[in-house]
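Trainee: Curious how this folds, go ahead:
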Amino acid sequence: MYFLKQLKRAGLSSIHLLEYSIAVIRRVLEYCVPVCHHALTKQQSKQMEAIQKRAIHIIFNFTRGMSYTSMLYAASINTLASRRQDICQRFLRVITQPSSCLHYLLPAPREQSFTARFRSVQKYPRVYTRTSRYCSFIIYSLNNYQDKITNPI
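Mentor: Prediction:
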């Protein structure tokens with residue numbers, strides 16, 4: 001954020017400042033998202049959104065007093081929460097490919113003759129855990145994003 005302020009003070013255009021924000025600040029906020037997204041609390045998610053909100057305030061002067069959704073629309077970017085969802089869906093799509101080095105972490109897929117009897121066809125069975133605290137990112141992704149991978153809207 002300090003460098004963003006310094007670049008703003010140096011006279012960079014808002015387009016370049018937004019590109020810097022996306023390239024540097026957002027990358028730090030989205031580091032390791034597929035692994036840790038399911039374990040974030042609401043408070044931590046709000047804190048991350050507050051960082052993005054502060055960056056938009058620095059980049060665009062006219063955003064003072066605007067709602068966060070209006071600010072995002074003006075900047076033409078998405079919320080960090082929706083980006084985390086998209087990143088996790090893409091990650092699951094990648095590891096379901098047999099050529100992926102993480103494919104072995106997935107449970108054995110169901111047989112097609114078995115899944116043909118269901119309304120919602122899911123290639124992998126749902127994995128249930130007693131607590132969500134020790135749920136792995138693979139299990140969380142399978143339980144929450146598998147429908148979106150197999151049945152894209």
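Trainee: Outline the domain layout of the protein.
Mentor: Per automatic domain parsing, the structural domains of the chain span 2-84, 86-150.
Trainee: And for residue 99, the neighbour number?
Mentor: 6 (other Cβ atoms under 10 Å). Every residue, glycine included, has its C-beta placed from N, CA and C.
Trainee: And for residue 91?
Mentor: 20.
Trainee: One more: the one 3 residues further on?
Mentor: If you count neighbours by other Cβ under 10 Å, residue 94 ends up with 13.
Trainee: One more: residue 75?
Mentor: So residue 75, with other Cβ under 10 Å, has 18 neighbours.
Trainee: Next: residue 135.
Mentor: Residues near residue 135, counting by other Cβ under 10 Å: 16.
Trainee: And for the one 10 residues further on?
Mentor: Residues near residue 145, counting by other Cβ under 10 Å, number 18.
Trainee: Show me what whatever helix or strand it lives in is packed against.
Mentor: Per DSSP states H and E: residue 145 is located in helix 137-150. Counting contacts by 3 or more Cβ pairs under 8 Å, 6 or more residues apart in numbering; DSSP states H and E, helix 137-150 packs against helix 33-36, helix 80-95.
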